[in-house]
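**Student:** next input, structure requested:
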Amino acid sequence: MENYGFKKTEVNIAKIELNSQGDYAAVSTDDSTLFDRFSAGYKHIAELADSIPEKLNEIEKQYEGREDFAGVMEKTVAMARVNVGFSEEAVAVVDGILGAGSVRKHFRDVYEEIPNFLPDADCFISFLEQLTPIMEQLFDRKLERQEKASKARMAKYQPQDHKKPQRKGAK
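**Tutor:** The predicted structure is shown next:
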């Protein structure tokens, strides 16, 4: 009986340090969905953040003229819900990009002091501004590795391998 097997397939894993305590997110540029998840997630969070002022203005208009305690409280709760909705969605998006618990890891110091902390829009914008150059660097390295691998594969094939077959008797 003959045995056959695969060589181990190389998959590059990068660790993105999320805080000063050494917590990290592991990602791979060999994951064909990583760049799409990052770019779509970044765009989604930016759109959500851009929509907040409009939603808050609508609430302001809705409660215009209601200066009584109940009206002020209802307006405040409605505005808070907009911000909470954004933050919950942003946590899901970031965790979808970097893995479950990434937001908690990044804000670990805060969660240790305030266990039910929910980062606001400014926290997420800052986070994404720091993450973007890291992702760009990862993908630049991926492109460099692909280029080197392609050249190495092509070096195996010499020009004589591609000559037209000669006819017998032809000089």
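**Student:** where does pLDDT dip in the protein?
**Tutor:** 146, 149, 152-153, 155-171 (pLDDT under 70).
**Student:** which strand or helix spans the residue positioned nearest the centre of it?
**Tutor:** In the chain, the residue lying closest to the centroid (Cα atoms, centre = their mean) is Phe38, at 3.2 Å. Taking DSSP states H and E as the definition, one finds Phe38 inside helix 34-62.
**Student:** how far out from the middle of the chain is that helix?
**Tutor:** For helix 34-62, the separation from the chain centroid amounts to 16 Å (computed by Cα atoms, centre = their mean, to the nearest Å).
**Student:** report the buried residues of it.
**Tutor:** For helix 34-62, a neighbour-count test (16 or more other Cβ atoms under 10 Å) marks Leu34, Phe38, Gly41, Tyr42, Ile45, Leu48, Ala49, Ile52, Lys55, Ile59 as buried. Heads up, the C-betas are built off the backbone N, CA and C, glycines and all.
**Student:** which other residues reach stretch 32-50?
**Tutor:** 27-29, 86, 89-90, 93-94, 96-97, 121, 124-125, 128, 131-132, 135, 139 (Cβ atoms under 8 Å, 6 or more residues apart in numbering).
**Student:** can you give me the neighbour number for Leu18?
**Tutor:** 22 (other Cβ atoms under 10 Å).
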